[in-house]
Structure formats: C-alpha cells, structure tokens
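**Q** structure here, sequence nowhere to be found:
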C-alpha cells in the first residue's frame, strides 16, 4: 500500500542523463513509495526498447540538426521530444503498481486545467479524440515504471520531419498523418504552460493517492551511478543495436503492435536474428533473437523455438501465436 509520495523535477534537458535518472529512481524506490519524476528532453527522438531506429526515425536528419537519438528501456513506439513536451514517470514496486490509478493522476491534472481527458487504445490519453499523451511500461526485478509524454506545445513540423510512422499504424488509428493524430494541450487551452502543468500534476498526484506530496531529496541520488548509466544509454551499442547483414525479412502489424523479423542464414542455419517491434511486451520481443539463433531456417524449427518462449499474459500468448503464423506464411 502506498503511503509515501515523492516528486522529483529535474532541470536537466539531456536525454541520456534523464533516462539514467529515471532508471536509478525506479531501482531505488522504497516499499510503499511512489515517485513521480517530471523531466524534459531537447530535440530528441526516443524509440522503444525493441525498435529498428533506422526504420522509425530519420536518424541522419535528426543528428545533422543537432538532435539526439535515444533508446529507452520500455517497449512501445517512437516519440519526438522538445521543450514543448513534458515527460512523466511513476516509479513504484510491483505490489504497488496500478496503471489505472497512475493514469488517473494525468487525467485529474488535465481536468484541473479545464479539459476532460480519457484513456483510449493501448496506451494513449486523449481529449476530444486527439492524442496528447502516449504511455509505456517497464519492470525489472520487482521494480516498475510507467512513463509517458504530455504534449503542451510541441513543434509538430519537427515531429513529422524526424519520425517515420508506418501507413498501417496510421490506418489502424483511422488517420492519415502523425500531425492529424496528435494535439498540443495549448490548442485546447491556450493558457497551459509546462510550469503550470507541473503544478497541476503535483496537486493531482496528492488528490488521487490521498496523501501529502514531498519533494524528493537530492541526497537520494547517487550521481556516480547515474553518470555510469548515462554513458550506457548514450553508447553506440545501446542506441543503434545490432545491425546484421540479413538475407530474409518478414513483417506485419497485429492488434498488439507490429513485428519485423530479420534473419542472417548460412547453409540453412540461422546465424543471427533481429526482432523489432513497438509492442508493449518488450521482454518477450527481446528474447526472440536468441531463441531463433542456431535454428534451421524452416517453418517448423522456428515456430517450435518461439513456442518454447515463456508467455505470462494473454497478450504474450497472442503475440507468440501471431508471430508463429507469420513465419508459417512467409517460409
């Protein structure tokens, strides 16, 4: 049961350090505590843990313009951050993790700004059918976080410039472009600012959980550990991942998200494999390449290898079934 509420607002705008702070806070959350971390990144594209960065983002344009490419720990799709965007993270232990309650904090904060918000789809929050917040989730060793974006006054031209959004994804949302799908809160209430939204989030946090919100002390943070994690998040290996000279590729979009499989095959044996997805179940997707490595490049062998992966939820079971079906159709 949550009895301690902490809020931490950083002035840092460098994304790799913000991801490091987020990870540190998550892995050091106390029992019965919920930490709300508020942060901003400047000129950044953030991709999900298992996404293909070259497919999701115009990397060259972004980096030529002095932007940052970032790969987060959670699953889900690619998003654009600038200083018109406010990010939030709820850090809690597994036993205190409650997505509905956490989302209610966002919804209540927006209500305090005079707008009615609601959760829609897999992980979006909308006002009048327009998305202003996307959410993603992560768990490690009983420590969890739920984070997301809040579009206050984001440059949607830049959003369209750097993001590659698949036509199948847009069609599944019933829209024709990334800009038509999203809305800034300032379009709905011109008086909204990032500082005002931070203030309302703090107020809503205390209201929803029924407790006093305290500012998290800087003494809780180990900056040496955070700097080490920052170097990991900014490394080439973490950002870009393994790029194999694949010979075979298959992809499709399902209700739970999209999946792309790439195979490097030598004499009928899978030497290496990649799996890219915007699905929220990042652990299952991350396990696929190792499961397929060394298999015969055949329908039966690959499907059997995937079948042996552990699926703990109905969504993960559906993912395994759909991916096996894709393999059977493509080989």
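**A** That came through, no problem. What you see is a predicted model; the values in this text were computed from it and never measured.
**Q** would you mind measuring from the residue of the chain most remote from its centre to residue 248?
**A** Centroid-distance maximum for the chain: residue 267 at 37.3 Å, with Cα atoms, centre = their mean. Separation of residue 267 from residue 248 (Cβ to Cβ, to the nearest Å) stands at 14 Å. Using the backbone N, CA and C atoms, a C-beta is placed for each residue, glycine as well.
**Q** with residue 81 instead?
**A** Computed as Cβ to Cβ, the residue 81 to residue 248 distance reads 34 Å.
**Q** do the same with residue 293
**A** Look at residue 293 and residue 248: by Cβ to Cβ, they are 14 Å apart.
**Q** repeat for residue 148
**A** 35 Å.
**Q** next: residue 263.
**A** Computed with Cβ to Cβ, the distance linking residue 263 and residue 248 is 4 Å.
**Q** which one's more surrounded, these two?
**A** Neighbours were counted for residue 263 and for residue 248 using other Cβ atoms under 10 Å; residue 263 has more, 22 against 14.
**Q** ok, residues contacting stretch 232-240?
**A** Under the criterion Cβ atoms under 8 Å, 6 or more residues apart in numbering, residues 15, 16, 19, 20, 53, 69, 70, 71 lie in contact with stretch 232-240.
**Q** what about those, which are in strands?
**A** Residues of these located in strands (DSSP state E): 69, 70, 71.
**Q** for the first one, give me its contacts.
**A** Taking Cβ under 8 Å, 6+ apart as the contact definition, residue 69 lies against 44, 45, 47, 53, 57, 59, 62, 63, 239, 240.
**Q** could these go into TSV alongside pLDDT, distance to residue 307 and neighbour count?
**A** Converted to TSV, these look like this (pLDDT from 0 to 100; distance: Cβ to Cβ, whole Å; neighbours: other Cβ atoms under 10 Å):
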residue	pLDDT	distance to residue 307	neighbour count
44	97	38	23
45	97	35	28
47	96	28	25
53	89	29	19
57	91	33	23
59	89	35	19
62	94	39	21
63	89	40	13
239	92	32	16
240	86	30	14
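**Q** and the closest residue to residue 230 other than its chain neighbours, what does it touch?
**A** Once flanking residues are discounted, residue 230 sits nearest to residue 20: 4.2 Å by Cβ to Cβ, 6 or more residues apart in numbering. Shown in contact with residue 20 (Cβ under 8 Å, 6+ apart): 226, 227, 228, 229, 230, 232, 233.
**Q** out of those residues, who's nearest residue 213?
**A** residue 226 (22.9 Å; Cβ to Cβ).
**Q** which SSE is that closest one in?
**A** helix 223-233 (DSSP states H and E).
**Q** ok now the helix or strand just after that helix, how far from the chain's centre?
**A** Heading C-terminal from helix 223-233, the first helix or strand you meet, by DSSP H and E, is helix 236-240. The chain centroid and the centroid of helix 236-240 are separated by 16 Å, computed with Cα atoms, centre = their mean, to the nearest Å.
**Q** that older thread, roughly how far does the residue farthest from the centre of the chain sit from residue 15?
**A** Noted for residue 267: a distance of 42 Å to residue 15, by Cβ to Cβ.
**Q** count the residues that sit near the closest residue in space to residue 85 that isn't next to it in sequence.
**A** Of all residues not flanking residue 85 in the chain, residue 154 sits nearest, at 5.0 Å (Cβ to Cβ, 6+ apart). Using other Cβ under 10 Å, the number of residues around residue 154 comes to 24.
**Q** swap in residue 328?
**A** Residue 328 - counted by other Cβ under 10 Å - has 12 other residues nearby.
**Q** what is the helix or strand hosting it packed up against?
**A** Taking DSSP H and E as the definition, residue 328 sits inside helix 314-330. Applying 3 or more Cβ pairs under 8 Å, 6 or more residues apart in numbering; DSSP states H and E, one finds that helix 314-330 makes contact with strand 248-254, strand 257-266, helix 282-292, helix 299-307.
**Q** what number of residues lie near residue 204?
**A** 22.
**Q** spit out the contact partners of it.
**A** 105, 106, 108, 109, 111, 112.
**Q** ok, of these, which one's closest to residue 141?
**A** The closest of those to residue 141 turns out to be residue 105 (Cβ to Cβ; 24.5 Å).
**Q** would you map the strands across the stretch 1-150 of the chain?
**A** Ranges of strands within the stretch 1-150 of the chain are 4-9, 33-39, 44-47, 68-71, 79-81, 85-93, 118-120, 124-127, 130-140, 143-151, based on DSSP state E, counting those that start in this stretch.
**Q** now these as TSV including distance to residue 198?
**A** What follows is the strands of the stretch 1-150 of the chain, written out as TSV (distance: least, Cβ to Cβ, whole Å):
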stretch	distance to residue 198
strand 4-9	6
strand 33-39	6
strand 44-47	19
strand 68-71	22
strand 79-81	16
strand 85-93	7
strand 118-120	21
strand 124-127	17
strand 130-140	15
strand 143-151	10
